[in-house]
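> build me a model:
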Amino acid sequence: MKLIGHSFIRKKFLKMLVGGTISMLVVSLVLMSDSIIAGTILGEVAVGAIEIVLPVYSFAAFVGLLFSIGIPIIYSKEMGKSNKKEADRAFGFGLLMTVGVGIVIFAVLMFFGDYYVDYYNLSDDLRDATIQYFFWMKFSVLFLPISTYVGQMVFTDGDEFTSTLGNVVSAVGNIVLSIVLCKIIGITGIGLASFIATLASLFIAVTHFFKKTNSLELNLYFSKEMLFRVISYSSIDSATYLFLALLSTTINKFVLVFFGHEYLILVTVLVFSKELQLFFDGIGEAMTPLISIYLGEKSYEGVANIYKIGFKVSIYEGIFLNVILIPLAWVVPKILGITGAKMINLAIIGFVILTFSLTFLSLLFYLTSYYLLIKKIVFGFVVSGMRDFLVVAPMTIIFSLLFGIYGMFIGFALSPAVTYFLTVFIAKKKYGADDYPLFLKDKRKGSTNYVFEYLLQPKSISNRSNEIRKVLELEGYSLSVINKVILIFEEVNMMIIERNKEIRKEKRHLKHIRDLEAIESNESRNQKGSGNSGNDKDSGEGKNVSKSEKRFDSTDKVDDIYSADKFYAGVINHITIRKMRALKLKNAYLRKYKRLLGECSIVIEGDNLKLILRDDGEIMDITQTDQIGSFRDYFVTNLLEMDGINKIYMMTMSYNRNIFNISLSE
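Now for the predicted structure:
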């Protein structure tokens, strides 16, 4: 595979990585914020009330997470197979289940919520606080599953900005409103803030459905088979909560017996470090839809490309977090409420030791996410178990017995590295060292595929065309077949360039040229005003500038969308404007009209060659025959009507995807 500096898929992966990581941080922040605000402003009773309601909220979040993990994988794989109908069914199934479960949980809490609270035999003041907080949380629980699910599906559809914006607004809104409202109406305000934040996140996510890049179609669907598929894909992440609960229980019991009650507070440092691992789920969030689409297409070279990028990012992310957290270790005792000089010192040193486990922990999260996608679900489940309990618990206990309280932190920190190397060893033994790390040998049988990346520029397309010709010649295909593939590749990409150029030129004429004319008009008025003050010389200069501005013709100054510098040099020469205005306008242009990237996947199976072209340009369906506006449009339209060529357009993850199935039989 030939890679370029800013490849199409790397660019998409990194954009989704940022969105996925922020979303994971936001989820973690939301889970902690209510308790922190309640404890800081309202006191211990309020914190106790929130802890009583937290299991109910967590269950609703779990339901949303259950479908937010499984459905995006199914949806993306079906889109990769060009099976839009089944993808829509998967989305509709998720909608039905999250709405239905939210309503059921809400109804149960409305009728039996008081019985749940009374089960704990709380004191009067704690019971009253719990009831007050619980009131609005019931409504939050009603919308939480659907809000979580829709946000994740919007992310899967390639709109990482809207998804991330919804999560950020939800988190920030929840914190700000909780602080304001709890000072006015007490703990009820914290519950109300959570409800408002949940609705805000949902409303922001729904705006995606009105965008041109939306491929999600609203519908309701149910099948038992779909339910089983969702559960299987969600099992690894769901099991994480089970393993962490077992780990916490085991370590708590060990510390109580071996070290005593006074050291139990240090277990919260271990648990806190485990909560940080949620940060690494952002990598899995980013790669899941991308790899799922490639798997659906059987474009395994694309899978390999994403795997390599994700593996490197996992290492960098672990190292980055390690470097960031070490200087902040002194804050941990304050956050966890640890007091006493001895315990504070132990907590700080222990946390620093634990940060050195983050790189291997990041890799383990990456591997479990990948194994889930390639249907190595049982193996991924085992790795998850080793990561969160089966290896870490014994090592923590053994090192504690050997080296005391510091041994507890050392054993905990070393366990991810041991788990990683153990995972690699087992994987190679079980699936074969020659198939490591992708484990795609069985899937590759009977198919051959290549991936080429390029700039949507004539020279880059020509270079990739030569490379495609060489690989097809090595495969032994006839000259007529090779020429057909090359012709489709070159002409379709050139047509995409031309149409993007026309669309963007039209947009510039409608927007940016109006901006320039507005600036010209303002400058002209300013100079006329200066001339009226009595300065004839300045007035004359103003008239000269005005004539120069009038000579500027927007229709012949913007011919090349890649020549922004040349274009704006001409604008600035013809129009007298302030330098800052020119710079601001130029930067806006460059952000809007950046260079376009493309990717070509070739999948060969038997007598069929599948040519898949992706680009990040303007959304357009080039297979439509009613958009002929040039000779190339006419030529390409007739070319694609040839016998033995089946064309499909499918917008995927907010980018264009054109699929051409070409018969190799002559």
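
> going forward, measure contacts and count neighbours with C-alpha atoms only.
Will do.

> quick one: the strands in this protein?
447-455, 597-605, 608-615, 645-649, 656-663 (DSSP state E).

> in CSV, list those strands along with mean neighbour count, distance to Gly260 and mean pLDDT.
Listed next are the strands of the chain as CSV, based on neighbours: other CA atoms under 10 Å; distance: least, CA to CA, whole Å; pLDDT from 0 to 100:
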stretch, mean neighbour count, distance to Gly260, mean pLDDT
strand 447-455, 20, 60, 88
strand 597-605, 21, 61, 90
strand 608-615, 22, 61, 91
strand 645-649, 16, 66, 86
strand 656-663, 21, 62, 89
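
> for Phe59, find the nearest of those.
Comparing the strands of the chain against Phe59 with CA to CA, the closest turns out to be strand 656-663 (37.9 Å).

> pull the CA atoms of stretch 465-472 into PDB?
These are the backbone C-alpha positions of stretch 465-472, laid out as PDB (Å, rounded to 0.1, in the frame of the first residue of the first chain):
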ATOM      1  CA  SER A 465      -3.000   4.700 -12.100                       C
ATOM      2  CA  ASN A 466       0.400   3.400 -13.100                       C
ATOM      3  CA  GLU A 467       0.600   1.500  -9.800                       C
ATOM      4  CA  ILE A 468      -2.800  -0.100 -10.300                       C
ATOM      5  CA  ARG A 469      -1.800  -1.100 -13.900                       C
ATOM      6  CA  LYS A 470       1.300  -2.800 -12.500                       C
ATOM      7  CA  VAL A 471      -0.500  -4.900  -9.900                       C
ATOM      8  CA  LEU A 472      -3.200  -6.000 -12.300                       C
END
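
> now tell me what touches it from outside.
Identification of contacts with stretch 465-472 by CA atoms under 8 Å, 6 or more residues apart in numbering yields Ile482, Ile486, Phe489, Glu490.

> ok, now stretch 607-615?
Contacts for stretch 607-615 (CA under 8 Å, 6+ apart): 8, 485, 489, 596-604, 655-665.

> can you give the distance of it from its chain's centre?
26 Å (CA atoms, centre = their mean, to the nearest Å).

> next one: stretch 66-83
14 Å.

> list the buried residues for it?
66-82 (16 or more other CA atoms under 10 Å).

> same deal with stretch 117-136?
Quick answer for stretch 117-136 (16+ other CA under 10 Å): Val117, Leu126, Arg127, Asp128, Ala129, Thr130, Ile131, Gln132, Tyr133, Phe134, Phe135, Trp136.

> what's the most distant pair in these?
So, the buried residues of stretch 117-136 by CA to CA: farthest apart are Leu126 and Trp136, at 16.7 Å.

> just to revisit the earlier point, quick check: helices, which of the buried residues of stretch 117-136 are part of them?
Val117, Leu126, Arg127, Asp128, Ala129, Thr130, Ile131, Gln132, Tyr133, Phe134, Phe135, Trp136 (DSSP state H).

> pLDDT wise, what is the third one at?
Confidence at Arg127, expressed as pLDDT, is 88.

> with the first one instead?
Val117 is assigned a pLDDT of 85 by the prediction.

> any low-confidence regions in the chain?
Applying pLDDT under 70 to the chain flags the ranges 1-6, 26-32, 64, 238, 241, 337, 504-594, 625-629, 666.

> would you map the helices across the stretch 551-666 of the chain?
554-557, 564-574, 579-592, 631-639 (DSSP state H, counting those that start in this stretch).

> I meant the stretch 351-500 of the chain, not that one.
358-373, 377-385, 392-403, 405-431, 441-444, 458-474, 479-510.

> out of those, which is the most enclosed?
helix 358-373 (a mean of 24; mean count of other CA atoms under 10 Å).

> could I have that one exported to PDB, CA atoms only?
What follows is helix 358-373, C-alpha atoms only, in PDB (Å, rounded to 0.1, in the frame of the first residue of the first chain):
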ATOM      1  CA  LEU A 358      -0.700   3.100  31.100                       C
ATOM      2  CA  THR A 359       1.000   2.400  27.800                       C
ATOM      3  CA  PHE A 360       0.500  -1.400  28.100                       C
ATOM      4  CA  LEU A 361      -3.000  -0.700  29.400                       C
ATOM      5  CA  SER A 362      -3.700   1.400  26.300                       C
ATOM      6  CA  LEU A 363      -2.500  -1.500  24.000                       C
ATOM      7  CA  LEU A 364      -4.700  -4.000  25.800                       C
ATOM      8  CA  PHE A 365      -7.800  -1.900  25.300                       C
ATOM      9  CA  TYR A 366      -6.800  -1.500  21.700                       C
ATOM     10  CA  LEU A 367      -6.400  -5.300  21.200                       C
ATOM     11  CA  THR A 368      -9.700  -6.200  22.900                       C
ATOM     12  CA  SER A 369     -11.500  -3.700  20.600                       C
ATOM     13  CA  TYR A 370      -9.900  -5.200  17.500                       C
ATOM     14  CA  TYR A 371     -10.600  -8.800  18.600                       C
ATOM     15  CA  LEU A 372     -14.200  -7.900  19.000                       C
ATOM     16  CA  LEU A 373     -14.400  -6.600  15.400                       C
END
